[in-house]
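Asks: Have a look at this prediction, sequence included:
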Amino acid sequence: MTTISDLYQPHHRRCDDLFSEAEAAASEGRWDTARDATAKFAKVLEAHLASEEGTLFPALEQATGMRGGPTAVMRSEHQHMRAMVKSLEGAVERQAKDDYLGTAETLLVLMQQHNMKEEHILYPLCDRELSDAGLLEKIGQQLA
């Protein structure tokens with residue numbers, strides 16, 4: 001049976017790969033490629049965050065009765081990530097290599113820490129609490 005972890009963890013890797021492509025292009029001063037790669041990363045990351053916030057977190061909160069705790073922390077970190085992505089987009093438009101790479105370094109650390117919390121704490125909790133096939137199908141469609 002497919003689990004929450006089975007759906008979201010590979011999507012983390014996809015986001016990581018797209019982020020690496022964008023960062024490499026900016027590092028090399030290939031600004032057209034960096035712009036496109038950053039936009040693609042931003043789109044896929046936003047789909048991931050929106051799926052968690054709009055589908056996964058509410059389902060977990062309903063199943064467990066928890067309204068704060070891990071989902072509140074994840075939502076806060078999502079907002080930080082979104083702000084950093086906006087900074088990356090601005091740096092690409094200005095072709096500001098140092099700004100881009102500095103923000104990318106901070107975002108990378110945040111994403112790594114965030115993903116570890118999700119993959120080792122939140123998703124296993126969801127795997128135990130959520131098994132509705134309709135929910136899993138909806139999440140799969142959101143991440144496709």
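Replies: Arrived safely.
Asks: Can you check the distance spanned by stretch 116-136, start to finish?
Replies: 21 Å (CA to CA, to the nearest Å).
Asks: got it, and stretch 114-126?
Replies: 16 Å.
Asks: and that stretch, which residues are buried?
Replies: 114-115, 118, 122-123, 125-126 (16 or more other CB atoms under 10 Å). Placement of C-beta: from N, CA and C, glycine included.
Asks: And for residue 24, the neighbour number?
Replies: 14 (other CB atoms under 10 Å).
Asks: Return the distance of it relative to residue 100.
Replies: Distance, residue 24 to residue 100, using CB to CB, to the nearest Å: 11 Å.
Asks: In a markdown table, list the buried residues of stretch 114-126 along with distance to residue 3, pLDDT and secondary structure.
Replies: Formatted as a markdown table, the buried residues of stretch 114-126 follow (distance: CB to CB, whole Å; pLDDT from 0 to 100; DSSP: H, G, I helix; E, B strand; the rest coil):
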| residue | distance to residue 3 | pLDDT | secondary structure |
| --- | --- | --- | --- |
| 114 | 19 | 97 | helix |
| 115 | 16 | 97 | helix |
| 118 | 13 | 96 | helix |
| 122 | 12 | 95 | helix |
| 123 | 8 | 96 | helix |
| 125 | 11 | 94 | helix |
| 126 | 8 | 95 | helix |
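Asks: Is it possible to get JSON lines of those residues that adds distance to residue 79?
Replies: Formatted as JSON lines, these follow (distance: CB to CB, whole Å):
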{"residue": "114", "distance to residue 79": "12"}
{"residue": "115", "distance to residue 79": "16"}
{"residue": "118", "distance to residue 79": "15"}
{"residue": "122", "distance to residue 79": "17"}
{"residue": "123", "distance to residue 79": "20"}
{"residue": "125", "distance to residue 79": "21"}
{"residue": "126", "distance to residue 79": "21"}
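Asks: Residue 81: how many residues sit nearby?
Replies: Neighbour count for residue 81, taken as other CB under 10 Å: 20.
Asks: Actually, residue 45.
Replies: 23.
Asks: confidence score at the closest residue to it other than its chain neighbours?
Replies: Distances taken as CB to CB, 6 or more residues apart in numbering place residue 15 nearest to residue 45, at 5.2 Å, with adjacent residues excluded. If you check residue 15, the pLDDT there is 98.
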